[in-house]
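Chemist: Next one to model:
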Amino acid sequence: SHAVHVACLADGAEELEAAALARRWAASVTCRVRRRVESALRGTGHALVGRPLSAGYFRSRELAAASVARLTIDPEESILLALQALNTSTTAEAEEALHRAVQESRLTRLLSGHSAEVNDVAYSPDGSRLATSSVDRTVKVWQLEPDSTEGGPSSPEPITLTGHSDTVYGLSFSPCAPPPEASAGGCEGSRLAAAGQDGTVRVWDVDSGQEVLTLAGPDGHTSRVYDVVHSPDGSLLATGSTDGTAKLWDAKTGVLLQTLSSPQGESVFAVAFSSDGSRLAVVGGQEAPGLSSGMVVIWDLSAGVPQLILDGHRDTVSSVAFSHDGSRLVTGSWDETARVWDAVNGQSLLTLGGHSNWVRDVAFSPDDNQIATTSWDRTAKVWDARTGQELISLAGHRGWLRGLAFNPDGQQLATAGEDKVARVWNICLLYTS
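Modeler: This next block holds a predicted model:
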């Protein structure tokens, strides 16, 4: 027999009545309801051809219509109505209502405030804040209140950080400092770095909103900077640019420490530190599709030389992330796939091929059991990191998706979109082992 693991919080109580499920959805029974929904979804798809139309059939369609009507008002009630419709009679309308309600119910927050496309999202180390970057030249930092069914998926007005003169791309919060530097009250991530099309990286103190550091000048990049990331210990910043280089900087002083050049001068789209900070993955390619097979290089930082060059993608590689244990690497490409690699020997382990357009961002969940991807096909997907099985597909953005981030406990996923909003999704999962 298979042990069932719940990848989100549940109170372990007996099955609740439908009314109680609706009232307590956000508090404690998300996974239990999700199990009912997934069971119902597995049981759908029965053909209605040749069946006589009964009173139950028409009642099911009425309940399905009621479910759709409640979709944006109360997604959890919408799910319950759709389940009731399916229990009454398996109609196409009931199946569609349930699929739509499940998608909507996963949405826990809708962060709207930017006046143009949102490019990236980043959680603070303690998960209390979410930063967003945009084509509107600003960064916004949202204080995330505890989830509540009262008042809908909204958040207080964000702090707006300015300074960039053009589009803002990648974001990175400073990690928690090791004791004794870390405060007794925890760690919120006091500094936020942002990469910009103006060729600079700017760093703010989030609490004061003041800019404390600018990476630019004679040692800086000479073209747009797509990505910035802190090293695990917070002492370094790595940046990647279309000038064909990745650079390492002292995170406190802004002094340039090292420049890593692409093997053939390819644009650098993303960078990622290994968990011990000893290696840096650098990915990129040409800025027009179909002109390169993509670049994936893992650098040994102490020696300043490439350690591994990974070959497999058929177009520009736009995103990269190490697993938290340092054993694997995931990359996303304009070839519409994500690939998982052995980070020690460079062997290709998995190809994630469910998207129908460019894959723009990738990430491992905090426990390394899942991988999330975003795409220009307007969806985000969550995959089993061991098998490559697609677990969840999230639709709802009205345009392409770019950045993504897991929250620290792995129960939620934030996505950035062309529709000028960031969305936060409940990605409660049930899986077996």
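
Chemist: What is the burial count for residue 291?
Modeler: Using other C-beta atoms under 10 Å, the number of residues around residue 291 comes to 11. The way it works is simple: take the backbone N, C-alpha and C, and place the C-beta from them, glycine included.

Chemist: Give the helix, strand or coil label for it.
Modeler: Residue 291 falls in the coil class when you classify it by DSSP: H, G, I helix; E, B strand; the rest coil.

Chemist: That one and residue 334: what is the separation?
Modeler: Distance, residue 291 to residue 334, using C-beta to C-beta, to the nearest Å: 10 Å.

Chemist: cool, residue 305 as well?
Modeler: Taking C-beta to C-beta, one finds residue 305 at 27 Å from residue 334.

Chemist: Neighbour count for those two, which is higher?
Modeler: Comparing residue 305 with residue 334 by other C-beta under 10 Å, the one with more neighbours is residue 334, at 24 against 9.

Chemist: Just the pLDDT for the closest residue to the more buried one other than its chain neighbours.
Modeler: Once flanking residues are discounted, residue 334 sits nearest to residue 315: 4.0 Å by C-beta to C-beta, 6 or more residues apart in numbering. You'll see residue 315 listed with a pLDDT of 95.

Chemist: for residue 315, what are its contacts?
Modeler: With contact taken as C-beta atoms under 8 Å, 6 or more residues apart in numbering, residue 315 is in contact with 285, 289-290, 292-294, 333-335.

Chemist: out of those, which is most surrounded?
Modeler: In terms of neighbours by other C-beta under 10 Å, those top out with residue 333 at 27 neighbours.

Chemist: quick one: contacts for the spatially closest residue to residue 407 that is not a sequence neighbour?
Modeler: In space, residue 407 comes closest to residue 127 once its chain neighbours are excluded; the distance is 4.8 Å by C-beta to C-beta, 6+ apart. Counting by C-beta under 8 Å, 6+ apart, residue 127 makes contact with 144, 407-409.

Chemist: For the buried ones among these, write the corresponding PyMOL selection.
Modeler: The buried residues among the contacts of residue 127 can be selected in PyMOL (16 or more other C-beta atoms under 10 Å) with this line:
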select buried, resi 144+407
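
Chemist: just to revisit the earlier point, so what sits against both of residue 291 and residue 334?
Modeler: Shared contacts of residue 291 and residue 334, defined by C-beta under 8 Å, 6+ apart, comprise 285, 316.

Chemist: Confirm for me that residue 236 is in contact with residue 256.
Modeler: No - counting by C-beta atoms under 8 Å, residue 256 is not a contact partner of residue 236; they are 11.1 Å apart.

Chemist: Compare neighbour counts for the two and give me the winner.
Modeler: A side-by-side neighbour count of residue 236 and residue 256, using other C-beta under 10 Å, places residue 236 first with 20 against 16.

Chemist: what residues are up against the more buried one?
Modeler: Residues counted as contacts of residue 236 (C-beta under 8 Å, 6+ apart) are 230, 248-251, 257, 273, 277.

Chemist: thought residue 270 was touching residue 294?
Modeler: No - judged on C-beta under 8 Å, residue 270 makes no contact with residue 294 at a distance of 11.4 Å.

Chemist: With adjacent residues omitted, what lies nearest to residue 414?
Modeler: Using C-beta to C-beta, 6+ apart, the nearest residue to residue 414 is residue 121, at 4.3 Å.

Chemist: Tell me the pLDDT of the one you found.
Modeler: You'll see residue 121 listed with a pLDDT of 98.

Chemist: ok, it - contacts?
Modeler: Residues counted as contacts of residue 121 (C-beta under 8 Å, 6+ apart) are 130-133, 171, 403-405, 414-416, 422.

Chemist: Same check on residue 345?
Modeler: residue 308.

Chemist: thinking again about what came up before, show me the two of the contacts of residue 236 that sit farthest apart.
Modeler: Pairwise distances across the contacts of residue 236 peak at 14.7 Å for 250 and 273 (criterion: C-beta to C-beta).

Chemist: okay, the two: which has more neighbours?
Modeler: For residue 250 versus residue 273, neighbours defined as other C-beta under 10 Å are more numerous around residue 273 (22 against 14).

Chemist: Show me what the host helix or strand of residue 257 is packed up against.
Modeler: Assigned by DSSP states H and E, residue 257 belongs to strand 256-261. Contacts defined by 3 or more C-beta pairs under 8 Å, 6 or more residues apart in numbering; DSSP states H and E place strand 256-261 against strand 245-250.

Chemist: now the strand it packs on against strand 256-261, angle please.
Modeler: Put simply, strand 245-250 runs at 160 degrees to strand 256-261, going by axes from the mean of the first three to the mean of the last three C-alpha atoms, to 10 degrees.

Chemist: Can you dump the C-alpha atoms of strand 245-250 in PDB for me?
Modeler: C-alpha atoms of strand 245-250 as PDB (Å, rounded to 0.1, in the frame of the first residue of the first chain):
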ATOM      1  CA  THR A 245      28.900  38.600 -18.900                       C
ATOM      2  CA  ALA A 246      27.900  37.500 -15.400                       C
ATOM      3  CA  LYS A 247      29.500  39.500 -12.600                       C
ATOM      4  CA  LEU A 248      30.100  38.900  -8.900                       C
ATOM      5  CA  TRP A 249      29.900  41.800  -6.500                       C
ATOM      6  CA  ASP A 250      30.400  42.400  -2.800                       C
END
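
Chemist: Return the distance of it from the chain's centre.
Modeler: 24 Å (C-alpha atoms, centre = their mean, to the nearest Å).

Chemist: Sheet partners, orientation included, of it?
Modeler: strand 236-241 (antiparallel), strand 256-261 (antiparallel) (DSSP bridges).

Chemist: what about residue 143, how many neighbours?
Modeler: Each residue near residue 143 was counted by other C-beta under 10 Å, and the total is 13.

Chemist: all helices of the stretch 51-200 of the chain, in order?
Modeler: According to DSSP state H, counting those that start in this stretch, the stretch 51-200 of the chain carries its helices in the segments 55-69, 75-88, 92-106.

Chemist: Identify each buried residue in the second one, please.
Modeler: It refers to helix 75-88. 75-86, 88.

Chemist: average pLDDT for it?
Modeler: For helix 75-88, mean pLDDT is 84.

Chemist: by contact count, what packs against that helix?
Modeler: Contacting helix 75-88 under the criterion 3+ C-beta pairs under 8 Å, 6+ apart are the following elements: helix 18-24, helix 30-42, helix 55-69, helix 92-106.

Chemist: ok, now which ones touch the nearest residue to residue 209 once chain neighbours are set aside?
Modeler: Excluding its sequence neighbours, the residue lying closest to residue 209 (C-beta to C-beta, 6+ apart) is residue 159, at 5.7 Å. Residues in contact with residue 159 (C-beta under 8 Å, 6+ apart) are 140-141, 206, 209.
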